[in-house]
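> Next come a sequence and a model predicted from it.
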Protein chains: 2
Amino acid sequence: MARTQGSHSDITGPKVRDAALRLFARHGYAAVSMRQIAKEVGVQAGALYNYTPDKQSLLFSLLKGHMDDLLAAWEAEPKAGDALARLEQFTRFHIRSTVKTPEAIFISYMELRNLEPENFAVIEDLRGAYEDQLEQILRSGAETGAFDVPDPKIATMAVIAMLTGVNTWYRHEGRLSLSEVEGIYWDMVRKSVGG
Amino acid sequence: MARTQGSHSDITGPKVRDAALRLFARHGYAAVSMRQIAKEVGVQAGALYNYTPDKQSLLFSLLKGHMDDLLAAWEAEPKAGDALARLEQFTRFHIRSTVKTPEAIFISYMELRNLEPENFAVIEDLRGAYEDQLEQILRSGAETGAFDVPDPKIATMAVIAMLTGVNTWYRHEGRLSLSEVEGIYWDMVRKSVGG
DNA sequence: CTTTGATCTGAACGCGCGTTCAGATAACAA
DNA sequence: TTGTTATCTGAACGCGCGTTCAGATCAAAG
């Protein structure tokens, strides 16, 4: 029989997070039990509590980690260019992120309501910070006349919703390549803001 | 003490559906118990089973009813006009629907994964039929040259996602009136398809 | 080789779940 | 006024939930 006990922290830890992310995305936080996660990882349910104080913290940690990664990745992008170039950059960045980590993006939009108020506020702030990035681009483009957006706030919501929607249908093995999808969406986004 | 038993079928029935819709939308299907729904209605949990064979059927019935209503309402709309006029009609119709029955729209997109496969297929078909309406509009406009959409399928998904996104932020008491929102979105949709 | 400490098992805890059903109640028909 | 029937109550069912913890196991340090 294979080794079942001892030190596996650095292996089991990520496995727990991976399994939880996958299951939460597929079935929803409330519909997934700690025992299901444990089974996926290959341990008993009790062992999960070496890696999270409770189920709620596990969800929060996944969402927080994802938002931090997303914001950090965006910060790391080069910042050159005018509003139009920045908008293209954001469009492609968001689609690539959506396609690279679909489960994380998915639960970030679906499982917010399962967060306790305190945790919800934290994630909501981070999401606001991310959306602000797009809003600033649209706002600056509107000021210079590069864009025709009467209401940058609404335009931000519209563009984000459109881009995040890619999550619902994109498959790696699908008809279109990632860069084709990027191109089509960028074309629509650009035109929608009159750029 | 108020009357607690007897014949109330025509009162209790809608109350059950209303309570379930509201609670499912707020907390998610899996996170809501039959006892919570019953409490909202003002009966014991067992009484709910006079109105639904089980919890799953309650969810399915809400989703099915909503999709049927949505499709019927769209069918009832006048069909005159060219592709551009039809697209404006669809845009305004979808936003109005989204704003009028936000809970139903919400669970139609969020709770699909909680449907058993058989039920899922039914709702997915209805949703497909609805999205086809938009796709046909875009396709016909693309053929006549009224629109510039290289991929009508993708454009359909993009537009639907953008419009449904209104659900996430629109509030009746908000900064913008419904017709203002409609106007802003119609402007963006029209430009995005090159119309 | 021994000790230590991180890791995991397996059993248990109280609780709320979806669902069922016999019996109570009240509206209505006769 | 009485009988019928739709409706609801209240208790119960087996089950799986999140979580805890004593004890077993094993890698690594001394």
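Yep, it's here.

> going forward, measure contacts between C-alpha atoms and count neighbours the same way
OK.

> Strands of chain A, start to end?
With DSSP state E as the criterion, chain A has no strands.

> any idea how it splits into domains?
A:1-52, A:54-192 (automatic domain parsing).

> Does DNA strand C have contacts with the longest one?
No: Domain A:54-192 stays out of contact with DNA strand C when judged by CA under 7 Å from any atom of the strand, the minimum separation being 13.4 Å.

> Pull up the distance across that domain, start to finish.
44 Å (CA to CA, to the nearest Å).

> and that domain, what's its mean pLDDT?
The average pLDDT within domain A:54-192 is 97.

> ok so, going back, tell me the most buried of the domains of chain A?
domain A:54-192 (a mean of 17; mean count of other CA atoms under 10 Å in any protein chain shown).

> Give me the distance between that domain and the centre of its chain.
8 Å (CA atoms, centre = their mean, to the nearest Å).

> and A:Ala80, how far is that from DNA strand D?
46 Å (CA to the nearest atom of the strand, to the nearest Å).

> what's the nearest residue to that residue if we skip its chain neighbours?
A:Arg86 (7.6 Å; CA to CA, 6 or more residues apart in numbering or on different chains).

> Please report the distance of the one you found from A:Asn50.
Relative to A:Asn50, and taking CA to CA, A:Arg86 is found at 43 Å.

> Of all the helix elements in chain A, which one is longest?
helix A:117-144 (DSSP state H).

> helices or strands up against it?
helix A:55-76, helix A:83-100, helix A:152-164 (3 or more CA pairs under 8 Å, 6 or more residues apart in numbering or on different chains; DSSP states H and E).

> how about those helices in TSV, adding distance to B:Leu115?
Below are these laid out as TSV (distance: least, CA to CA, whole Å):
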stretch	distance to B:Leu115
helix A:55-76	23
helix A:83-100	25
helix A:152-164	23
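
> Nearest to B:Asp125, out of those helices?
Shortest separation from B:Asp125 across these is recorded for helix A:152-164, at 22.0 Å, computed as CA to CA.

> Send me that closest one as CSV with only the CA atoms.
What follows is helix A:152-164, C-alpha atoms only, in CSV (Å, rounded to 0.1, in the frame of the first residue of the first chain):
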residue,chain,number,x,y,z
PRO,A,152,-17.7,55.9,-18.8
LYS,A,153,-19.1,54.1,-15.8
ILE,A,154,-21.8,52.3,-17.8
ALA,A,155,-19.4,51.7,-20.7
THR,A,156,-17.0,50.1,-18.2
MET,A,157,-19.7,47.7,-17.0
ALA,A,158,-20.8,46.9,-20.6
VAL,A,159,-17.3,46.2,-21.8
ILE,A,160,-16.4,44.0,-18.8
ALA,A,161,-19.6,42.0,-19.1
MET,A,162,-19.0,41.5,-22.8
LEU,A,163,-15.4,40.3,-22.2
THR,A,164,-16.2,38.1,-19.2
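
> what's the most centrally placed residue in chain A in contact with, if anything?
A centroid search over chain A (CA atoms, centre = their mean) returns A:Ile105, at 2.8 Å, as the residue closest to the centre. By CA atoms under 8 Å, 6 or more residues apart in numbering or on different chains, the residues touching A:Ile105 are A:66, A:98, A:167.

> again, only using 6 Å
With contact set as CA atoms under 6 Å, 6 or more residues apart in numbering or on different chains, A:Ile105 has no partners.

> same question, the one 3 residues further on
Shown here is A:Ser108, whose contacts under the criterion CA under 6 Å, 6+ apart are A:Leu63.

> Now do it against chain B, distance only.
13 Å (CA to the nearest CA, to the nearest Å).

> Next one: that residue from A:Ala20, what distance?
Taking CA to CA, one finds A:Ser108 at 13 Å from A:Ala20.

> near chain B, which residues of chain A show up?
By the rule CA under 6 Å from any CA of the partner chain, the part of chain A lying against chain B is A:30-31, A:158, A:161-162, A:165, A:188, A:191-192.

> A:Leu63: what's its closest spatial neighbour, skipping adjacent residues?
Closest residue to A:Leu63 apart from its sequence neighbours, by CA to CA, 6+ apart: A:Ser108 at 5.9 Å.

> Same check on A:Glu182?
A:Glu182 sits nearest to A:Arg92 (CA to CA, 6+ apart), 5.7 Å away.

> Next one: the one you found relative to A:Ile184, how far apart?
10 Å.

> same question, A:His94
14 Å.

> again with A:Gly174
Taking CA to CA, one finds A:Gly174 at 15 Å from A:Ile184.

> Over to A:Gly165?
From A:Gly165 to A:Ile184 the distance is 13 Å (CA to CA).

> Sweet, I'm off.
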